[in-house]
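S.K.: any chance you could fold what I've pasted below:
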Amino acid sequence: MKFFKALFGNKEEKPEEKKKNEEAKNFDVLKYDGVRALRAGQAEYAIRCFTHALQMQDDLEIHDYMSQAYIRTGELTKAYEQLQKLAEAQPDNQQIFIRMANVAYMMEDYGAMAGACEKAMLIDDKTPEVMYLYARACIGQDDVTNAVAMLTKAISLKEDYGDAYLLRGETLLKNGDNDEADEDAQWLLEHTKDNEDVLTLKARIERAKGNSDGAIDYFSKVIDANPFNIDAYRERGELKLAAGDEKSGNEDIEYAKELTAQLPEKEGDEGIEKKVNDKYKSIDPYGVF
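M.R.: This is a model prediction of the structure:
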């Protein structure tokens, strides 16, 4: 009998092994149920699954998923805490610090954002995205000089970095450096087509230079690209009124007010989710977003 039991694997499982195997199975079920829930947009259920799984054993991948789930629910501080745990476990992983910078940006904690960027730069100071994020942190702290310097470095590392050109142009314009801002706008116009952000930048540069006709023309192009751009209607209306075109100017301003009235009072979960998706699409290793 013993021979046949050994031959056909009919050996009884020890209680300790059985318990260990059951826990491992339950852990996997909770983890992957959480992942499926997250992919299906059920962030709160995903968090419950991940929380129970982490009570069984620590898992870096779950901490990562957990951070993304917390972002979906708008719990940014908790998301940041999950990323901190990842950073402690993998201090040489630059992508973790990039994510921390993105979450800190959404929290409007520009000090934490700058700190995450600095740690990312210690790992690799040739990453254009890190320079771009650092520039955003500088802008948040009203440090225009370093912001422009970081964006210039980002562009030197990636010559076709359109987002960096756009942010530098916007920053220079706000600082009153109209001619330098216009150089960035011209580059963007040559390398993009019908981009409302680029067209808005150019329109505002023309307005700052006192070229009302040019500004009105570019604001009209913004509206062609996006017929629901509130700022474009409002600013074009102001320019028309200043030029003496009261009828058309008032029409633009009234339409801007109508569009504003249609906006939701508060940003809901869908708005938060879209913001998060936009930021995470390029740095999501597990394809959750």
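S.K.: CA only for contacts and neighbour counts going forward, please
M.R.: Fine.
S.K.: in the stretch 51-200 of the chain, which spans are helices?
M.R.: When assigned using DSSP state H, counting those that start in this stretch, the helices of the stretch 51-200 of the chain occupy the ranges 60-72, 76-89, 94-107, 110-123, 128-140, 144-157, 162-174, 178-191, 196-208.
S.K.: want to throw the ones you listed into JSON lines with distance to residue 220, mean pLDDT and mean neighbour count?
M.R.: Below are the helices of the stretch 51-200 of the chain laid out as JSON lines (distance: least, CA to CA, whole Å; pLDDT from 0 to 100; neighbours: other CA atoms under 10 Å):
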{"stretch": "helix 60-72", "distance to residue 220": "36", "mean pLDDT": "96", "mean neighbour count": "23"}
{"stretch": "helix 76-89", "distance to residue 220": "38", "mean pLDDT": "97", "mean neighbour count": "18"}
{"stretch": "helix 94-107", "distance to residue 220": "31", "mean pLDDT": "96", "mean neighbour count": "22"}
{"stretch": "helix 110-123", "distance to residue 220": "35", "mean pLDDT": "98", "mean neighbour count": "20"}
{"stretch": "helix 128-140", "distance to residue 220": "29", "mean pLDDT": "98", "mean neighbour count": "24"}
{"stretch": "helix 144-157", "distance to residue 220": "29", "mean pLDDT": "98", "mean neighbour count": "20"}
{"stretch": "helix 162-174", "distance to residue 220": "19", "mean pLDDT": "98", "mean neighbour count": "22"}
{"stretch": "helix 178-191", "distance to residue 220": "15", "mean pLDDT": "98", "mean neighbour count": "17"}
{"stretch": "helix 196-208", "distance to residue 220": "9", "mean pLDDT": "98", "mean neighbour count": "23"}
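S.K.: and those helices as CSV, adding distance to residue 47?
M.R.: Formatted as CSV, the helices of the stretch 51-200 of the chain follow (distance: least, CA to CA, whole Å):
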stretch, distance to residue 47
helix 60-72, 6
helix 76-89, 11
helix 94-107, 18
helix 110-123, 24
helix 128-140, 28
helix 144-157, 36
helix 162-174, 33
helix 178-191, 42
helix 196-208, 36
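S.K.: of the ones you listed, which is nearest residue 238?
M.R.: Nearest to residue 238, of all those, is helix 196-208, at 10.7 Å by CA to CA.
S.K.: could you give the angle of that closest one to helix 178-191?
M.R.: 150 degrees (axes from the mean of the first three to the mean of the last three CA atoms, to 10 degrees).
S.K.: residues contacting the helix ranked longest in the chain, please?
M.R.: In terms of residue count, the longest helix belonging to the chain (DSSP state H) is helix 15-39. Outside of helix 15-39, the residues that reach it under the criterion CA atoms under 8 Å, 6 or more residues apart in numbering are 43, 45-50, 52-53, 56-57, 62, 65, 69, 288-289.
S.K.: and that helix, how far out from the chain middle?
M.R.: Taking CA atoms, centre = their mean, to the nearest Å, one finds helix 15-39 lying 32 Å from the centre of the chain it belongs to.
S.K.: between helix 60-72 and that helix, find me the angle.
M.R.: Helix 15-39 and helix 60-72 are oriented at 30 degrees to each other (the same axes, to 10 degrees).
S.K.: which positions within helix 15-39 qualify as buried?
M.R.: Under the neighbour-count criterion of 16 or more other CA atoms under 10 Å, helix 15-39 has 27, 30, 31, 32, 33, 34, 35, 36, 37, 38 buried.
S.K.: distance to residue 241 and pLDDT added to these, as JSON lines?
M.R.: Formatted as JSON lines, the entries for those read as follows, by distance: CA to CA, whole Å; pLDDT from 0 to 100:
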{"residue": "27", "distance to residue 241": "66", "pLDDT": "93"}
{"residue": "30", "distance to residue 241": "62", "pLDDT": "95"}
{"residue": "31", "distance to residue 241": "60", "pLDDT": "95"}
{"residue": "32", "distance to residue 241": "59", "pLDDT": "94"}
{"residue": "33", "distance to residue 241": "58", "pLDDT": "95"}
{"residue": "34", "distance to residue 241": "56", "pLDDT": "95"}
{"residue": "35", "distance to residue 241": "54", "pLDDT": "96"}
{"residue": "36", "distance to residue 241": "54", "pLDDT": "97"}
{"residue": "37", "distance to residue 241": "53", "pLDDT": "96"}
{"residue": "38", "distance to residue 241": "50", "pLDDT": "96"}
